[in-house]
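Chemist: Sequence first, predicted coordinates after that:
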Amino acid sequence: MNGALNFSTLDGWWDEVWNDAIAGAPPIGWCIGTDELIEDHELQDALDAESLYIQLEREIVPCFFERDEAGIPRRWLASVRQSMATLADTWRSHRMVQQYVDDYYLPSAVRAGRLMNYDTVRARRLAWNIDRVERAWPAVTVEVLGVERGAEIISVDVAVAHAGLGASDLSVDVWVQLPEAAPYPVAAHRVAADSVVTSGAAYRARLAVKGLESADFAARALPRVEDSPSRFLPNLIAWSPNARYEATPS
């Protein structure tokens, strides 16, 4: 924001800024290397070093020393103005602190007050429910029973065995995997056909066929705990066998 142009690797905030820069506008800085992940660290260092020197030689130094008749570096100053206009409003400490306050500090204070009310009854109930779910979770299994592809609707049936837990203790998603696309979840809802599941429940997700003709499906169960800070609790997740989405956050 003080007019210095950035020149860095594509990670952290610079990755976001670089990819959000306005196409066709003066560059707000330069990047070292690419965002490609290279496992060989020595090769990564060599490629980044080569990129650094090429950018300096071909872009940064010529841009800085190129002057008009009045000795003014017009291209450099255009990038300075574009950088300041791009960064000043979003990438500043006031915005960061305000976002932390709005998104985390105030909601956390409200939640803490709610849990502490009435002699911490909600907090104690939360701790008891998490302990109950953790003890029962090793017995939770998820299975995709079948996929029925109709003319307009695809129905995906899922069986969830959850001995020691009730159906209200779980949320179930069907994950959709399309060729060359990131998987995404669709909520599955409990159906009455519980007889197909021993000590559990049956669920079904219904999706429009259009665009999903070649999709594959998996299923996932998560705990549903009242007052839990998140849907995602450590080690409490169950996937259908052969699911390929274990490492995919939601």
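Modeler: Cool, got the structure. Please read all numbers here as calculations on a predicted model, not as lab measurements.
Chemist: helix or strand right after the helix-or-strand element of the chain with minimal mean pLDDT?
Modeler: Taking mean pLDDT, DSSP states H and E as the measure, the helix or strand of the chain with the lowest value is helix 12-20, at a mean of 89. If you walk from helix 12-20 toward the C-terminus, the next helix or strand you reach (DSSP states H and E) is strand 29-32.
Chemist: Please spell out which residues along the helix or strand following that next one are buried.
Modeler: If you walk from strand 29-32 toward the C-terminus, the next helix or strand you reach (DSSP H and E) is helix 41-55. Of the residues in helix 41-55, those buried under the neighbour-count criterion (16 or more other CB atoms under 10 Å) are L47, S51, L52, Q55. (Glycine included, C-beta is placed from N, CA and C.)
Chemist: Let me have those residues in TSV, adding distance to V133 and pLDDT as columns.
Modeler: TSV is the format used below for these (distance: CB to CB, whole Å; pLDDT from 0 to 100):
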residue	distance to V133	pLDDT
L47	47	95
S51	49	97
L52	51	97
Q55	53	97
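Chemist: which residue ranges form the helices in this protein?
Modeler: Secondary structure of the chain (DSSP state H): helices at 12-20, 41-55, 61-65, 74-87, 93-100, 106-136.
Chemist: these two touch, right, L236 and A136?
Modeler: No - when contacts are counted by CB atoms under 8 Å, L236 is not listed as touching A136 (10.0 Å).
Chemist: contacting residues for A188?
Modeler: V156, V158, V172, D173, V174, Y203, R204, A205, A219 (CB atoms under 8 Å, 6 or more residues apart in numbering).
Chemist: between those residues, which is nearest A85?
Modeler: Top of the list for closeness to A85, among these and by CB to CB, is D173 at 41.4 Å.
Chemist: residues touching the closest one, list them.
Modeler: Contacts were defined as CB under 8 Å, 6+ apart; by that measure D173 touches P185, V186, A187, A188, A205, A219, R220, A221, L222, S250.
Chemist: Apply 7 Å and report the result again.
Modeler: D173 makes contacts with P185, V186, A187, A188, A219, R220, as judged by CB atoms under 7 Å, 6 or more residues apart in numbering.
Chemist: Next: E134.
Modeler: Counting by CB under 7 Å, 6+ apart, E134 makes contact with L236.
Chemist: one more time with 8 Å, if that's ok
Modeler: Contact partners of E134, counting by CB under 8 Å, 6+ apart, are N235, L236.
Chemist: same question, D68
Modeler: By CB under 8 Å, 6+ apart, D68 lies in contact with R74.
Chemist: one more time with 10 Å, if that's ok
Modeler: Contact analysis of D68 by CB atoms under 10 Å, 6 or more residues apart in numbering lists R74, R75.
Chemist: tell me the domain boundaries of the protein?
Modeler: Using automatic domain parsing, the domains assigned to the chain come out as 6-88, 135-239.
Chemist: Show me what stretch 54-67 is in contact with.
Modeler: Counting by CB under 10 Å, 6+ apart, the neighbours of stretch 54-67 from elsewhere in the structure are 5, 7, 26-27, 29-33, 52, 72-76, 78-79.
Chemist: If you go by neighbour count, which of these are buried?
Modeler: When those are checked for burial by 16+ other CB under 10 Å, the buried set is L5, P26, P27, G29, W30, C31, I32, G33, L52, W76, S79.
Chemist: which of these sit farthest apart?
Modeler: Of all pairs drawn from the buried ones among the contacts of stretch 54-67, the greatest distance, 22.6 Å, lies between G33 and W76 (CB to CB).
Chemist: Tell me which of the domains of the chain sits most buried.
Modeler: Burial among the domains of the chain, expressed as mean neighbours by mean count of other CB atoms under 10 Å, is greatest for domain 135-239, which shows a mean of 16.
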